[in-house]
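K.L.:
next come a sequence and a model predicted from it.
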2 protein chains.
Amino acid sequence: MTRPEGTTAPASQTLSRGIRILEVLADAREPLTIDELAGRLEVHRSVAYRLLRTLEDHGLVARGSAGRVQLGARIAALAAGVAHDLQAEALPELTAIANELGMTCFLAVLDRDECITLASVEPRHAVATVAQRPGARHPITVGAPSKAILSTLSPADWPVEVGERLRAEIAECAQRGYATSHDEVIPTVQAISVPLRLRGGQRPAAIAVVHVSSPADPEAIARRLSRSAAAISEALGG
Amino acid sequence: MTRPEGTTAPASQTLSRGIRILEVLADAREPLTIDELAGRLEVHRSVAYRLLRTLEDHGLVARGSAGRVQLGARIAALAAGVAHDLQAEALPELTAIANELGMTCFLAVLDRDECITLASVEPRHAVATVAQRPGARHPITVGAPSKAILSTLSPADWPVEVGERLRAEIAECAQRGYATSHDEVIPTVQAISVPLRLRGGQRPAAIAVVHVSSPADPEAIARRLSRSAAAISEALGG
DNA sequence: GCGACTGTGTTCTATATTCGAACACGCCGT
DNA sequence: ACGGCGTGTTCGAATATAGAACACAGTCGC
């Protein structure tokens, strides 16, 4: 295959195909046959087979019923290594907040142009428990944590173009120290988020709570979040 | 490189090296330079470079401070796809158990010869919170969930050889319906676990609680776990 | 200011690795 | 028995990869 012309980055075809297998399996959410997989990847079946065997050797995929293929649990072990220190420091704080406020509380980080949830804690008596599962992804322009994170970055460092409207809202977040969202990700769901002020080099992050009804006192919730945010930042040498 | 002789399985060298990058990064728990990475993988620096760029394209690694390399948050998104239905059904039950019993409660699955924690919920007022983070791995011969899982399998299906001592203990677990552990993983930590009885083809799994002091009534705890285990199994058509 | 050092990123050719087709086999319906 | 569908294996051709050498930027010591 000759270089497809304008492309600049020579990347590894084999590795890329292997990763796409994982992406397809994560997306499918059910075991697939090798043929189905090869079809979706648009590669020859024998290629998919060899890649699968390699992934299987490393435990990243596993065989389910009838020889079908699914994601392996070892991926969870890899994910535990993502921002390990941050997760370790944040989890106790998330638990405390969730139970004090009676809301689901989670930690999200900036990853390229997305906001990805790394950890989430649900409160004890969750009436209408808002599912904010680890691994959830949103564009960085959507949701309270996204705005909180962008408010800590200079616009030059923003990974995407933002409209004038959103830019103004983020500026407001920067001033008052917290961000909010209504109906942005899930209808009727509202959120309040506060950014973490970590030392340079750490990836930008934020903690947030979600709730279905209007919060009694957003300012008070923001102050509570800020307290934990400061504790986490300090523990990580922010 | 000619086939190293007795080896039977032709696997993909490129993909395997790419995965090892992820494994090394998860293990290191701090950003590495490309040279450090290449050294640990025993590959040429330019090879590591190309693989890294590919991984970066897919968001599986990210650049930290000073161009150093670390795991990317997208891995968390992949991990969310591991046994997705099982996690979705189990999480509410884990939360309920954790808060009712005041102990950390988690879900573990069998993966080859290891027992891997997929999800974990800490109770509200955790005095001495036992860290059982998602992604934690143990040999399948160690810990209460391991024994609970093995007790549901016929010895012929066990992925490892087990001694006479452990075999007897597992048989006992099969009879009474739950497994226990003392000081097996962490000193002074005890655990109680109950297997999930899922339909064939699903990967063997168990739920468990951990505690630092001796439980008042192990039988009662086991009954509580069994109730949730039955609910989860039923929801998944077990 | 100037080198030595350490790091990233690029270019290039030989060749080992991968690709992709064809084949062997087992299983389950009709 | 047959055809369809699935996994797993073999093998030659060709291409994607491996690995070396090079270019360049920042940083330290002096």
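P.N.:
Good, I have the coordinates. Numbers count the residues shown, from 1 in each chain, chains lettered A, B, ... in the order given.
K.L.:
helix/strand/coil for residue A:24?
P.N.:
Per DSSP: H, G, I helix; E, B strand; the rest coil, the secondary structure class of residue A:24 is helix.
K.L.:
what sits against it?
P.N.:
Contact partners of residue A:24, counting by C-beta atoms under 8 Å, 6 or more residues apart in numbering or on different chains, are A:32, A:37, A:40, A:41. For glycine as for every other residue, the C-beta is placed from the backbone atoms N, C-alpha and C.
K.L.:
among those, which one sits closest to residue B:201?
P.N.:
Nearest to residue B:201, judged by C-beta to C-beta, of the contacts of residue A:24 is residue A:32 at 13.6 Å.
K.L.:
quick check: beta-bridge partners of the spatially most central residue of chain A?
P.N.:
Compute the mean C-alpha point of chain A, and by C-alpha atoms, centre = their mean the closest residue is residue A:116, 1.4 Å away. Per DSSP bridges, residues listed as beta-bridge partners of residue A:116: residue A:109, residue A:137.
K.L.:
quick one on the thing from earlier: any chance of the contacts of residue A:24 in CSV, with distance to DNA strand C and secondary structure too?
P.N.:
What follows is the contacts of residue A:24, written out as CSV (distance: C-beta to the nearest atom of the strand, whole Å; DSSP: H, G, I helix; E, B strand; the rest coil):
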residue, distance to DNA strand C, secondary structure
A:32, 17, strand
A:37, 13, helix
A:40, 14, helix
A:41, 10, helix
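K.L.:
could you dump those into TSV with distance to residue A:206, neighbour count and pLDDT added?
P.N.:
Formatted as TSV, these follow (distance: C-beta to C-beta, whole Å; neighbours: other C-beta atoms under 10 Å in any protein chain shown; pLDDT from 0 to 100):
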residue	distance to residue A:206	neighbour count	pLDDT
A:32	35	18	95
A:37	36	23	95
A:40	34	17	95
A:41	35	18	95
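K.L.:
ok, now which ones touch the closest residue to residue A:67 other than its chain neighbours?
P.N.:
Take residue A:67 and drop its neighbours on the chain: the residue closest to it by C-beta to C-beta, 6 or more residues apart in numbering or on different chains is residue A:33, 7.5 Å away. Contacts for residue A:33 were tallied using C-beta under 8 Å, 6+ apart; they are A:67, A:68, A:69.
K.L.:
same deal with residue A:205?
P.N.:
Contact criterion C-beta under 8 Å, 6+ apart gives A:83, A:86, A:107, A:108, A:109, A:110, A:149, A:195, A:196, A:198 as the residues in contact with residue A:205.
K.L.:
what do you get if the cut-off is 6 Å, keeping everything else the same?
P.N.:
Counting by C-beta atoms under 6 Å, 6 or more residues apart in numbering or on different chains, residue A:205 makes contact with A:109, A:196.
K.L.:
and the least confident helix or strand in chain A by mean pLDDT, anywhere near chain B?
P.N.:
Averaged element by element with mean pLDDT, DSSP states H and E, chain A has its least confident helix or strand at helix A:84-101 (a mean of 92). Yes: Helix A:84-101 comes into contact with chain B (C-beta under 6 Å from any C-beta of the partner chain), by way of A:84, A:95, A:99.
K.L.:
in CSV: those residues, plus distance to residue B:224.
P.N.:
Conversion of these to CSV gives the following (distance: C-beta to C-beta, whole Å):
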residue, distance to residue B:224
A:84, 32
A:95, 21
A:99, 20
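K.L.:
nearest to residue B:156 among those residues?
P.N.:
For residue B:156, the nearest member of the residues of helix A:84-101 next to chain B is residue A:84. The distance, counting by C-beta to C-beta, is 38.2 Å.
K.L.:
so what's the residue count around that closest one?
P.N.:
17 (other C-beta atoms under 10 Å in any protein chain shown).
K.L.:
okay, now the residue nearest to it when sequence neighbours are not counted: neighbour count?
P.N.:
In this structure, residue A:84 finds its nearest non-sequential neighbour in residue B:29, 4.9 Å apart by C-beta to C-beta, 6+ apart. Residue B:29 has 15 neighbouring residues, counting by other C-beta under 10 Å.
K.L.:
kindly report the same for residue A:87.
P.N.:
Other residues near residue A:87 number 22, with proximity taken as other C-beta under 10 Å.
K.L.:
name the SS class of the closest residue to it other than its chain neighbours, please.
P.N.:
Nearest residue to residue A:87, sequence neighbours excluded (C-beta to C-beta, 6+ apart): residue A:119, at 5.5 Å. When states are read from three-state DSSP, the local structure at residue A:119 comes out as strand.
K.L.:
which residues does residue A:119 contact?
P.N.:
With contact taken as C-beta under 6 Å, 6+ apart, residue A:119 is in contact with A:87, A:91, A:107, A:134.
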